[in-house]
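here are the coordinates; sequence isn't available:
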């Protein structure tokens, strides 16, 4: 590829594709059609490089939203692989397709009318009891969550364990797409996290006073000042903000005017 060609390479987001010197182009297959793309790109960037524009299956671009669930095989390998397109770098002879939406059933419920018990889970998602422990759900998870383990915990009514194990779930649906028992794992996990938060986790002592402050208008002026700022001022505030440390026990910010 000539230097002139490299300078003309753009992707649909408006970013310019920066190709290291000597970058090799590798063949990938998008919906069965062959394209040559730089070996350094993620699947998501390579799709844009190939001329596709994301209307769906693209959200945070950082491995959080779960919108870019992707299924692929490598030529000559029988294994079916699962990933997020925004995190996974292309491989030579990768045959891929994306899953823009997985049509899993979500049982309607009112959280305040439920209790944190195995009976609640069985009533709303009875298919959980059909789990055959094949572990396909875990193998499908791009976040390396022990999906089958939290399903087993749900069967025992251990809602706290389900909430803990499924905390990093991004709702992509790949676990359910492969399940022979037709379990809606990610909806089940979301239910358990909600039950755990409402009925099992102790309420924070500062919650009610802080809600009272908000209702009393304590932060109205601060929010108004932020809204009235121009973009440059907001960027400056963001860059210069005081960061809360990872271990924030006992920590207080230097500016306490809004506490």
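Now that the structure is in, tell me what you want to look at. Model, not experiment: these values are computed from the prediction.

residue ranges with poor pLDDT in the protein?
The model of the chain has pLDDT under 70 over residues 1-20.

residue ranges for the strands of it, please.
25-30, 33-38, 69-74, 81-84, 94-98 (DSSP state E).

redo those strands as CSV? Include mean neighbour count and distance to residue 215.
Quick note: C-beta positions are derived from backbone N, CA and C, even for glycine. What follows is those, written out as CSV (neighbours: other C-beta atoms under 10 Å; distance: least, C-beta to C-beta, whole Å):
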stretch, mean neighbour count, distance to residue 215
strand 25-30, 18, 52
strand 33-38, 15, 53
strand 69-74, 19, 40
strand 81-84, 20, 40
strand 94-98, 19, 44
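
could I get those as CSV with distance to residue 243?
As requested, these are exported to CSV (distance: least, C-beta to C-beta, whole Å):
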stretch, distance to residue 243
strand 25-30, 40
strand 33-38, 35
strand 69-74, 32
strand 81-84, 27
strand 94-98, 35
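
tell me which of those strands lies nearest to residue 158.
Among the strands of the chain, strand 81-84 comes nearest to residue 158, with 26.3 Å by C-beta to C-beta.

okay, now the sheet partners of that closest one, with direction.
Strand 81-84 has the following strand partners under DSSP bridges: strand 69-74 (antiparallel).

re the thing from before, show me the one of the strands of the chain that comes nearest residue 240.
With C-beta to C-beta as the criterion, residue 240 lies closest to strand 81-84 of the strands of the chain, at 32.7 Å.

picking up where we left off before, of the strands of the chain, which is nearest residue 62?
strand 81-84 (9.5 Å).

what's in contact with that closest one?
Around strand 81-84, the neighbours that count as contacts under C-beta atoms under 8 Å, 6 or more residues apart in numbering are 43, 63, 66, 68-74, 139-142, 170, 172, 174, 178.

you'd agree residue 130 is up against residue 183?
Yes - between residue 130 and residue 183 a contact is recorded at 7.0 Å, counting by C-beta atoms under 8 Å.

between those two, who's got more neighbours?
Neighbour totals were compared for residue 130 and residue 183, and residue 183 leads with 24 against 11 (other C-beta atoms under 10 Å).

ok, now how distant is the more buried one from residue 155?
11 Å (C-beta to C-beta, to the nearest Å).

next one: residue 146
14 Å.

residues near residue 78, how many?
Residue 78, neighbours per other C-beta under 10 Å, totals 6.

look up phi and psi at it.
In terms of degrees, to the nearest 10, the main-chain angles of residue 78 are phi -80, psi -10.

try the one 10 residues further on
Torsion angles at residue 88 (phi, psi; degrees, to the nearest 10) stand at phi -100, psi 130.

so what's the residue lying closest to it once chain neighbours are set aside up against?
Of all residues not flanking residue 88 in the chain, residue 43 sits nearest, at 5.3 Å (C-beta to C-beta, 6 or more residues apart in numbering). Neighbour list for residue 43: 68, 70, 72, 83, 85-86, 88-90, 94, 96 [criterion: C-beta under 8 Å, 6+ apart].

10 Å - rerun?
The contact partners of residue 43, taken as C-beta atoms under 10 Å, 6 or more residues apart in numbering, are 28, 30, 37, 68, 70, 72, 83-91, 94, 96, 98.

go on, residue 235?
Neighbouring residues of residue 235 by C-beta under 10 Å, 6+ apart: residue 229.

from residue 229, how far off is it?
10 Å.

with residue 69 instead?
38 Å.

what do you get for residue 103?
To residue 229, residue 103 is 43 Å away according to C-beta to C-beta.

more neighbours, these two?
residue 229 (13 against 7).

show the contacting residues for that one.
Counting by C-beta under 10 Å, 6+ apart, residue 229 makes contact with 235-237.

what's the distance between residue 115 and residue 194?
12 Å.

overlap of the contact sets of those two?
Both residue 115 and residue 194 are contacted by residue 159, under the criterion C-beta under 10 Å, 6+ apart.

these two - which one has more neighbours?
residue 194 (16 against 10).

hmm, the more buried one is touching residue 114, no?
Yes - if you go by C-beta atoms under 10 Å, residue 194 and residue 114 touch, sitting 8.7 Å apart.
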